[in-house]
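Have a look at this fold, sequence not included:
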């Protein structure tokens, strides 16, 4: 993959202090000679973490501000060659508890970015990260891009609206936009403070802590998971491809595994922790999507992307990272009032 | 149709000073003994008009406020049996010019309403009016509810998100919601101040004024149109039907006619006006949806609804209304700055 093409170019990463955004920043910093800017609001409990730029602080211009604020974003987009638009709220649970918050971070802020580009950088390339959650409960497996849209939560509805904004601004105004629908992603630099941003980070924390991983309904639900480095590859490929413009691509992984298998692998790799089946809480059953994994045939065909990291290998690397860095990722007083309101929403896949 | 069932019930109409909302209010007032409340923000140029309640002022409790304000809407929903949720911005053109505005009126405000109901009236029945615009350019005709979703403007994207909010709150929280996707609607009490809310009101005004109706591309695009009384029937039927809950229904009309035919009918009925083909402005061509008319087979099957008003007859009634009331519908200084920005967006279907 010829990522040398990013040398000498200007790149903006929105949400760049977060999990995937900061891994992308590290990769671009490694490529070298990239003029790199990050905007991140460090919104409460979203996963933004200044620690995530450790080692590349001197190669990044950082603005801590809300992307929804036009006074800020209007001044940032000018001259950018690429925008990786990773800002947003990712918690399905929080989106049900505080839907207006989710709407702000997942729609309003993105309209501000797109309007800024329309006015001040109308031919910029934007890669937007969405989620397979827009599909809701799969009607067939693996889920491809033609699958019907039926989100099970406010987060999925809002992410879908913003996908459509991106494609609309491509068609109507000449921006060049690509949408990637991510499946579960894991790896270094993900927040492990709370359990409302997907099950995988929480499983990892519990295994490292030697705790009991609770599995709803015996953990038979099957998922696919991508190691963050592979997701970064997909972002960089989408940024360089003209053929990708105006298109939506699923990511996915050829291995689909049950939650129980994932827990078991983590227990074996860490040598700690246990697992236990617990009954499905009724309100979780209502929004449970059952098995869900995605076809990545389209992105493989068009961009030549496929995951390079085996699940076990990726989990090992992730464990190594957190063993070295745990104090920066979960030794934080989190004032976790939301999870008190949703005590049963422990495991979101 | 047994609309007597509304007697003795409490009904809230959001956007009730607008075109369709006020016609619904008049109908409910005729039924009699309905405890009727309206909330309307009278937002600039949206079509809300105090004049629309002429004759029933003493039978309506009116709150002029933004539904997005939780302090207001939280106090209005309690005890309501039915909410007809007609508030919103309907201009596709304005939504491209001021997308944040459209997002506020078409998403944020509706989340406030739904949250209010979840907290203070969790089993209320809500009928939400959406638009066939969510389908974008038809892939086949007539468009039914299974047609793919691909809005051509911010308005369509936001309306679709709010459809999904309604259905989500039905599934997740027990609210009872129905979505109607309206096609072009015409009739008494529609604003005729500006031309950004659909072509039909503007054609009517131009014919009555004896002006030249401009037709892009010879006006060959075919549409279906509903007279507002028929739309009010559909709303009232949806309100009473349990079978409709959690469902989406298209409205439509068995007559599909070209814009040129509509213009010609109006010229013949008024005895005034002319028509002229003009070239399609390039940016309009880009977002033009070609022919578009909808299948109403589903609502006919489930609710027994079908339009009762022939197009010519409905247009005659509409003309009669505006001949009597023109000073209340277009003799207003409109400060029409938006249409200066989109001089070519004259005719939106």
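That came through fine. Just so it is clear, the structure is predicted and the values come from calculations on it, not from any experiment.

On the three-state scheme, residue A:8 is what?
Look at residue A:8: counting by DSSP: H, G, I helix; E, B strand; the rest coil, its state is coil.

Need phi/psi at it.
The phi/psi pair for residue A:8 (degrees, to the nearest 10) reads phi 80, psi 0.

Same check on residue A:274?
phi -140, psi 170.

OK, contacts around the residue nearest to it when sequence neighbours are not counted?
Once flanking residues are discounted, residue A:274 sits nearest to residue A:212: 4.9 Å by C-beta to C-beta, 6 or more residues apart in numbering or on different chains. Where you see a C-beta, it was placed from the backbone N, CA and C, and this is true even at glycine. Contacts for residue A:212 (C-beta atoms under 8 Å, 6 or more residues apart in numbering or on different chains) come out as A:206, A:273, A:274, A:275, A:276.

quick one: the fourth one and residue A:199, what's the gap?
As defined by C-beta to C-beta, to the nearest Å, residue A:275 lies at a distance of 12 Å from residue A:199.

okay, those two: which has more neighbours?
The neighbour comparison of residue A:275 against residue A:199 (other C-beta atoms under 10 Å in any protein chain shown) goes to residue A:199, with 25 against 21.

quick one: that one and residue A:259 touch, right?
Yes - between residue A:199 and residue A:259 there is a contact under C-beta atoms under 8 Å: 6.7 Å.

Tell me the pLDDT of the residue nearest to residue A:274.
As predicted, residue A:212 sits at a pLDDT of 95.

Now it: phi and psi?
When read as degrees, to the nearest 10, the backbone of residue A:212 gives phi -90, psi 120.

Return the residues of chain A in contact with chain B.
Proximity of chain A to chain B, by C-beta under 8 Å from any C-beta of the partner chain, involves residues A:96, A:99-100, A:103, A:107-108, A:111-112, A:114-115, A:149-154, A:157-158, A:160-161, A:164-165, A:168, A:171-172, A:286-287.

What's the PyMOL line that selects buried ones from the residues you listed?
Those of the residues of chain A next to chain B that count as buried under 16 or more other C-beta atoms under 10 Å in any protein chain shown are selected in PyMOL with:
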select buried, chain A and resi 96+99+100+103+107+108+111+112+114+115+149+150+151+152+153+154+157+158+160+161+164+165+168+172+287
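
mind listing which of the residues of chain A next to chain B are in helices?
When those are checked against helices (DSSP state H), the matches are A:96, A:99-100, A:103, A:111-112, A:114-115, A:154, A:157-158, A:160-161, A:164-165, A:168, A:171-172, A:286-287.

Burial check on residue A:24, number of neighbours?
Counted with other C-beta under 10 Å, residues neighbouring residue A:24 total 29.

give the contact list for it.
Going by C-beta under 8 Å, 6+ apart, residue A:24 touches A:13, A:16, A:84, A:86, A:232, A:235, A:236.

Chain neighbours aside, what residue packs nearest to it?
Leaving aside its chain neighbours, residue A:24 sits nearest to residue A:232 (5.1 Å; criterion: C-beta to C-beta, 6+ apart).

Name the SS class of the one you found, please.
The three-state label given to residue A:232 by three-state DSSP is helix.

List the residues that contact it.
Shown in contact with residue A:232 (C-beta under 8 Å, 6+ apart): A:20, A:23, A:24, A:27.

I'd guessed the last one sits against residue A:236; true?
Same thing as residue A:27. Yes - with contact defined as C-beta under 8 Å, residue A:27 reaches residue A:236; the gap is 7.1 Å.

which residue ranges form the helices in chain A?
Assigned by DSSP H, the helices in chain A fall at A:19-31, A:70-76, A:92-97, A:99-103, A:109-120, A:154-173, A:199-209, A:228-240, A:259-270, A:282-287, A:297-303, A:311-329, A:337-341.

ok, the residue nearest to residue A:274 to residue A:265 distance?
Look at residue A:212 and residue A:265: by C-beta to C-beta, they are 16 Å apart.

low pLDDT regions in chain A?
For chain A, the stretches with pLDDT under 70 are A:283, A:286-287, A:331-349.

Which residue ranges make up the domains of it?
Listed by automatic domain parsing, the domain ranges of chain A are A:3-186+A:225-250, A:199-223+A:254-331.

which of these is buried the deepest?
Comparing these on average neighbours per residue, with mean count of other C-beta atoms under 10 Å in any protein chain shown, the densest one is domain A:3-186+A:225-250 at a mean of 21.

That one: end-to-end distance?
21 Å (C-alpha to C-alpha, to the nearest Å).

need the contact list for the closest residue to residue A:244 other than its chain neighbours.
Of all residues not flanking residue A:244 in the chain, residue A:178 sits nearest, at 4.5 Å (C-beta to C-beta, 6+ apart). Going by C-beta under 8 Å, 6+ apart, residue A:178 touches A:125-128, A:166, A:238-239, A:241, A:244-247, A:249.

try 7 Å
Each residue near residue A:178 by C-beta atoms under 7 Å, 6 or more residues apart in numbering or on different chains is listed here: A:127, A:238, A:244, A:245, A:247.

Then residue A:262?
Counting by C-beta under 7 Å, 6+ apart, residue A:262 has contacts residue A:203.

hmm, 8 Å instead?
Counting by C-beta under 8 Å, 6+ apart, residue A:262 touches A:200, A:203, A:219, A:223, A:225, A:311, A:315.

Between these, which sits nearest chain B?
residue A:223 (21.9 Å; C-beta to the nearest C-beta).
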